[in-house]
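Chemist: Predicted coordinates and the sequence they were generated for:
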Amino acid sequence: MDNSTVVTEFILMGLSDLPAIRFSLFAVFLLIYTITLVGNGTILLAIATDSHLHTPMYFFLTNLSLLDIFCPTATVPKMLESLLLEKKTISFVGCILQLYFLVALAGTEVFLLAVMAYDRYVAICNPLRYTLIMSKKLCLQMVAGTWITGFLNSLLHTVLTFILPYCRSNRVNQYYCDIPPVLALSCASTYLAEMVVLIVGGIFGMGAFLVTLVSYVYIISTIVKIRSAEGKRKAFSTCASHLMVVCLFYGTTIFTYIRPSSSHHPDQDRLVSMLYGVITPMLNPLIYSLRNKEVKGALNRVIVGWGKSILERARCSLH
């Protein structure tokens, strides 16, 4: 593309240009996306239908499941279209919207995980005051704050990214529109946008991480002080699922974005980004459903209910 040409659309560099691998990747990621939707949707259904799960912990889990549905939905359908139809282009407006929602949802998840860590801290370190502290009003305020902050933060970065002129290559070195690969295509200085990402993202990201870290420092110190092994097991079981999700989220994020530049390769970067954007949302409901007895119980009741409903309909149709 000529330097004087204004970019009106972008070309998303797919995961593979080889037809055989392309169709295999389509099948794999379609399966992963389907599992993600079904898994998170099932958790939402279980929480909605079981009154025992109408607590702050599962209210936050509901929001996490929603994020794990929305986040891959911002990128995966376009990727599947590219793999199946070899349609790699995305309009300028489409790229703006994709980047905005992706950054907003990812940021919201960072804040939500911090809120969930605080919830577990109160539950384990101040169990007698838990219902008083984690009131319905506070839970609603904290969740609203995570979504509002995430979307406002994304608005700032999206505006600073797309007010820049784009007149160089329009090939985005990723399968979706993200800030770093899009900024690399600008024909003006990206210093301001990059510094805002570094400073604002660093403040919010480190703030949420520190809340999570400090919460777990207190949680672990409290669990260690419990004398009985059964007491320790019960206390740890209440936060084990969330701790695994936190480790998975921060582990994949760090591996995706905080690596030595010498280790970066275009094809590897695209595959590594799968960890953060596709694999993690699929694993989160599996972690909660396998590690949490209450969720497993609710899921069993939902499945049994479905089974009875199907049998009743079958009997009615026979009569």
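Modeler: Arrived safely. Residues are numbered from 1 along each chain as shown.

Chemist: Quick check on residue 91: phi, psi?
Modeler: Here is the backbone geometry of residue 91 (degrees, to the nearest 10): phi -70, psi 160.

Chemist: Enumerate every residue touching it.
Modeler: By Cβ atoms under 8 Å, 6 or more residues apart in numbering, the residues touching residue 91 are 8, 9. Every residue, glycine included, has its C-beta placed from N, CA and C.

Chemist: again with residue 184
Modeler: The contact partners of residue 184, by Cβ under 8 Å, 6+ apart, come to 173, 190.

Chemist: and if you look at residue 287?
Modeler: When contacts are counted by Cβ under 8 Å, 6+ apart, residue 287 touches 241, 244, 245, 248.

Chemist: element containing residue 123?
Modeler: Following DSSP states H and E, one finds residue 123 within helix 92-125.

Chemist: what's the model's confidence in that helix, averaged?
Modeler: Average pLDDT, helix 92-125: 94.

Chemist: Stretch 251-270 now?
Modeler: If you average the pLDDT over stretch 251-270, you get 60.

Chemist: what do you get for stretch 156-163?
Modeler: Averaging pLDDT along stretch 156-163 yields 95.

Chemist: could I get that stretch in CSV with only the CA atoms?
Modeler: This file holds the C-alpha atoms of stretch 156-163, laid out as CSV (Å, rounded to 0.1, in the frame of the first residue of the first chain):
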residue,chain,number,x,y,z
LEU,A,156,-9.4,6.4,26.2
HIS,A,157,-7.0,3.9,24.5
THR,A,158,-9.3,3.4,21.5
VAL,A,159,-9.6,7.2,20.8
LEU,A,160,-5.9,7.7,21.2
THR,A,161,-5.2,4.8,18.8
PHE,A,162,-7.6,5.8,16.0
ILE,A,163,-7.1,9.5,16.0
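
Chemist: Could you verify that residue 90 is part of a strand?
Modeler: Yes: checked against DSSP: H, G, I helix; E, B strand; the rest coil, residue 90 lies within a strand.

Chemist: related to what we said a few turns ago, now the contacts of residue 287 in a markdown table, with secondary structure, pLDDT and neighbour count?
Modeler: Converted to a markdown table, the contacts of residue 287 look like this (DSSP: H, G, I helix; E, B strand; the rest coil; pLDDT from 0 to 100; neighbours: other Cβ atoms under 10 Å):
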| residue | secondary structure | pLDDT | neighbour count |
| --- | --- | --- | --- |
| 241 | helix | 82 | 21 |
| 244 | helix | 85 | 16 |
| 245 | helix | 86 | 23 |
| 248 | helix | 81 | 17 |
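
Chemist: Turn those into CSV, columns for distance to residue 138.
Modeler: Formatted as CSV, those follow (distance: Cβ to Cβ, whole Å):
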residue, distance to residue 138
241, 22
244, 25
245, 22
248, 27
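
Chemist: out of these, who's nearest residue 109?
Modeler: residue 245 (9.6 Å; Cβ to Cβ).

Chemist: Excluding chain neighbours, what is closest to the closest one?
Modeler: Nearest residue to residue 245 in three dimensions, chain neighbours excluded: residue 284, at 5.4 Å (Cβ to Cβ, 6 or more residues apart in numbering).

Chemist: Just the CA trace of the helix or strand in which that neighbour is found, in CSV.
Modeler: Using DSSP H and E, residue 284 maps to helix 280-291. What follows is helix 280-291, C-alpha atoms only, in CSV (Å, rounded to 0.1, in the frame of the first residue of the first chain):
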residue,chain,number,x,y,z
THR,A,280,-8.8,-19.2,29.1
PRO,A,281,-12.5,-18.4,28.7
MET,A,282,-13.1,-22.1,27.9
LEU,A,283,-11.2,-23.4,30.9
ASN,A,284,-12.8,-21.0,33.5
PRO,A,285,-16.2,-22.8,33.6
LEU,A,286,-14.5,-26.2,33.7
ILE,A,287,-12.4,-25.1,36.7
TYR,A,288,-15.4,-23.8,38.6
SER,A,289,-17.6,-26.8,37.7
LEU,A,290,-15.0,-29.4,38.6
ARG,A,291,-13.6,-27.7,41.8
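
Chemist: Show me which positions of it end up buried.
Modeler: For helix 280-291, burial by neighbour count (16 or more other Cβ atoms under 10 Å) applies to 280, 281, 282, 283, 284, 285, 287, 288, 289, 291.

Chemist: who does the helix holding residue 123 touch, helix- and strand-wise?
Modeler: strand 9-12, helix 56-73, helix 130-133, helix 136-162, helix 179-183, helix 191-225, helix 229-257 (3 or more Cβ pairs under 8 Å, 6 or more residues apart in numbering; DSSP states H and E).

Chemist: Go again with 7 Å.
Modeler: Here helix 92-125 touches helix 56-73, helix 130-133, helix 136-162, helix 179-183, helix 191-225, helix 229-257, going by 3 or more Cβ pairs under 7 Å, 6 or more residues apart in numbering; DSSP states H and E.

Chemist: Out of these, which one sits most buried?
Modeler: Ranked by mean neighbour count, the helices and strands packed on helix 92-125 are led by helix 56-73 with a mean of 22 (mean count of other Cβ atoms under 10 Å).
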